[in-house]
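Chemist: Prediction below, plus the sequence it came from.
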Amino acid sequence: MVMNGRAATGHVELRRPDGEPVRVLVVDDEATLTDLLSMALRYEGWDVRSAGTGNAALRAARQFQPDAVVLDVMLPDFDGLEVLKRLRAHDPAVPVLFLTARDAVEERIAGLTAGGDDYVTKPFSLEEVVARLRGLMRRAGSAVNAREEAVLSVGDLTLDEDSHEVRRAGQLIALTATEFELLRYLMRNPRRVLSKAQILDRVWNYDFGGQANVVELYISYLRKKIDAGRSPMIHTLRGAGYVLKPAD
C-alpha cells in the first residue's frame, strides 16, 4: 500500500456548516490501512471513526452520523455494496468513497452504479483520498471552507476551485473542463511524480488499456497555456510520469 504521510494539498480547512470538524467513517478490514487512513484524516483536523466489518460500519454510522464514508468493497461479513445500500436507507445523502482493487473495473462500475460517489484504487496515496473526500463533502454541502475561497497555489500559478479561474502571474488562463481537472490534480500533488496510469484513472475515471496517449495530448495542451513564453512548471520524467512544481 502506497502511503505518503499527510495530504499536502494546500487546501483551506474544511468544517461542518455548524463550525464543528467534519466527520469521516473509514471502513476496511485491514487494520494497518485503517489506522494509516484515520491518522491522515485526523491530521486534516477531521473527526474520524473506523470499522472493520459491515455490521460495525452500520452501527458506527448510526451513532457517529458521518459527513462522508470511506468504504472498502470487500469486507468479511457482507460486501461494501450492501453496506452502501443500508447506509443510504438511513442517510440518503451521505457521500461514499469506495476503495477497490487496482484491476477490478467491475467493482468500480458496480460501486458507482449502486450509488457510490467516487472511488480510489489500491494502492493509493493519502493525498488522493483526502482530495477526493474534500471534493465529495463540498459538493454534497456537508462541509464548507473555513475561508471563503478554496484556492490552490503553486509558485505564481493559482487555481480557484469555486470560480474555476486559473491565473499565472496574475494573467487569466482559459481552460477546458478536462484541462482544468488535469491541472487541479497536478496542483493537488505539487512536486510529486504522477504516472500516466494515475492521471488517466483520476481525470478520465477508468484505466482502460491503450489510452495513455490521451494523457500526453492533454499535458501538451496544458503546457501551451500554462508554460508558453514562461519558465516551465510541468515537467516530464521519462519512464515515470509528470510533475508540476514552481518555476526555477
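Modeler: Alright, I've got the coordinates. Numbers count the residues shown, from 1 in each chain.
Chemist: now Ala68: how far from Arg139?
Modeler: 11 Å (CB to CB, to the nearest Å). (Glycine included, C-beta is placed from N, CA and C.)
Chemist: Are there residues contacting both of the two? Which ones?
Modeler: Pro95 (CB atoms under 8 Å, 6 or more residues apart in numbering).
Chemist: More neighbours: these two, which one.
Modeler: Ala68 (26 against 12; other CB atoms under 10 Å).
Chemist: Give me the phi and psi for the more buried one.
Modeler: Backbone torsions for Ala68, taken as degrees, to the nearest 10, come to phi -160, psi 160.
Chemist: check contacts around it.
Modeler: 22-25, 94-97, 133, 136-137, 140, 142.
Chemist: Recalculate using a threshold of 7 Å.
Modeler: Contacts were defined as CB atoms under 7 Å, 6 or more residues apart in numbering; by that measure Ala68 touches 24, 94-95, 97, 133, 136-137, 142.
Chemist: Determine which residue lies closest to the centroid of this protein.
Modeler: Arg132 (2.3 Å; CA atoms, centre = their mean).
Chemist: Any figure for the gap between that residue and Phe124?
Modeler: Taking CB to CB, one finds Arg132 at 9 Å from Phe124.
Chemist: likewise Val73?
Modeler: Counting by CB to CB - Val73 and Phe124 are separated by 13 Å.
Chemist: what number of residues lie near Ala140?
Modeler: There are 14 residues near Ala140, going by other CB under 10 Å.
Chemist: likewise Glu30?
Modeler: Around Glu30 there are 15 residues (other CB under 10 Å).
Chemist: coming back round to it: can you confirm the residue nearest to the centre of the chain is in a helix?
Modeler: Yes. Counting by DSSP: H, G, I helix; E, B strand; the rest coil, Arg132 is located in a helix.
Chemist: contacting residues for it?
Modeler: Applying CB under 7 Å, 6+ apart, the residues near Arg132 are 97, 118, 120.
Chemist: ok, those vs Leu186, which is closest?
Modeler: Of all those, Val120 has the smallest distance to Leu186: 17.1 Å, by CB to CB.
Chemist: what's the offset of the helix or strand hosting Lys85 from the middle of its chain?
Modeler: Per DSSP states H and E: Lys85 is located in helix 80-90. For helix 80-90, the gap between its own C-alpha mean and the chain's C-alpha mean amounts to 21 Å (CA atoms, centre = their mean, to the nearest Å).
Chemist: so after that helix, what's the next helix or strand?
Modeler: strand 96-101.
Chemist: how far out from the middle of the chain is that following strand?
Modeler: 11 Å.
Chemist: Using PDB, write out every CA atom in it.
Modeler: The C-alpha coordinates for strand 96-101 follow below in PDB (Å, rounded to 0.1, in the frame of the first residue of the first chain):
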ATOM      1  CA  VAL A  96     -19.300   7.400  -0.100                       C
ATOM      2  CA  LEU A  97     -15.800   6.900  -1.500                       C
ATOM      3  CA  PHE A  98     -15.200   3.300  -2.400                       C
ATOM      4  CA  LEU A  99     -11.800   1.500  -2.100                       C
ATOM      5  CA  THR A 100     -11.300  -1.000  -4.900                       C
ATOM      6  CA  ALA A 101      -8.600  -3.400  -6.200                       C
END
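Chemist: No further queries at this time; thank you.
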